[in-house]
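*Asks:* got a sequence here, can you model it:
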Amino acid sequence: MKFIVLISFLFLFFICEAQNNNDTIRGNNSDNSIIGLYEYVYEYNTEDLIENHYIYLFELDEIILGIYYGTSDDFDESREGYMPGFFKSYMHDVKITDSTIYFKLKVFPSDFRKKAITPYKNPKKNKQWTEYLQYTEREYFGKVWNDKIVINSKDFGKRIYIKIK
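*Replies:* Now for the predicted structure:
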C-alpha cells in the first residue's frame, strides 16, 4: 500500500512540475501574431563574417516556444583577437504580453560552433568553438509591436529584430 501511495505522490509531483514549467511562453498574445521568425542584422557584418541573430517563436500544443540563434558576444564583455562562436538555444522563463517580451538564455561552452548556425543552415561538420565564455546565462527584455521585437540586455544596446517569416 505504501508503494502505491508513493507512486501516486510522485506522479502528482511530476504533473505539477510540468504545469509550472517556466520554459514556455504563457503571455496574453491571444491572436498569436507574435509567432514567426525574426532577424537582427548585425551592423558590422562583412562579406566573410555574418553575425546576425534570430528569434524563432512557434506554437506547440497551444503553448508558444522559442529558439534563439546568436553569437558568443552575448556571453563575453569584449572580443579581441578571435572569431565569435555561434549557438542555438531554447529560450527559458519566457513571458510575452501584447507589448512586451522577456526571456533568458542558458548556454554551455559545448553549445558553440565555429561556423554560423541559423534557422537556414547548421553545417554538419561544424567544429566546436573553444574560446572562453565569461557568462553562461543572460536575460533579455523588450517591446513587441507590429512585426518587430526590440530587445535590450545588460551590457549591450537595443537590437531591432524584424519579422521575416
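
*Asks:* quickly find the element holding Val144.
*Replies:* When elements are defined using DSSP states H and E, Val144 is found to belong to strand 137-145.

*Asks:* got the buried residues for the next helix or strand after that strand?
*Replies:* Next along the chain after strand 137-145, taking DSSP H and E as the criterion, comes strand 148-153. Within strand 148-153, the residues scored as buried using 16 or more other C-beta atoms under 10 Å are 149, 151. For every residue, glycine as well, the C-beta is placed using N, CA and C.

*Asks:* stretch 117-135 now?
*Replies:* Quick answer for stretch 117-135 (16+ other C-beta under 10 Å): 117-118, 129, 133.

*Asks:* make JSON lines from those residues and add secondary structure and pLDDT to it.
*Replies:* Below are these laid out as JSON lines (DSSP: H, G, I helix; E, B strand; the rest coil; pLDDT from 0 to 100):
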{"residue": "Ile117", "secondary structure": "coil", "pLDDT": "96"}
{"residue": "Thr118", "secondary structure": "coil", "pLDDT": "96"}
{"residue": "Trp129", "secondary structure": "coil", "pLDDT": "96"}
{"residue": "Leu133", "secondary structure": "coil", "pLDDT": "91"}
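
*Asks:* could I get those as a markdown table with distance to Met83?
*Replies:* Converted to a markdown table, the buried residues of stretch 117-135 look like this (distance: C-beta to C-beta, whole Å):
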| residue | distance to Met83 |
| --- | --- |
| Ile117 | 14 |
| Thr118 | 16 |
| Trp129 | 8 |
| Leu133 | 14 |
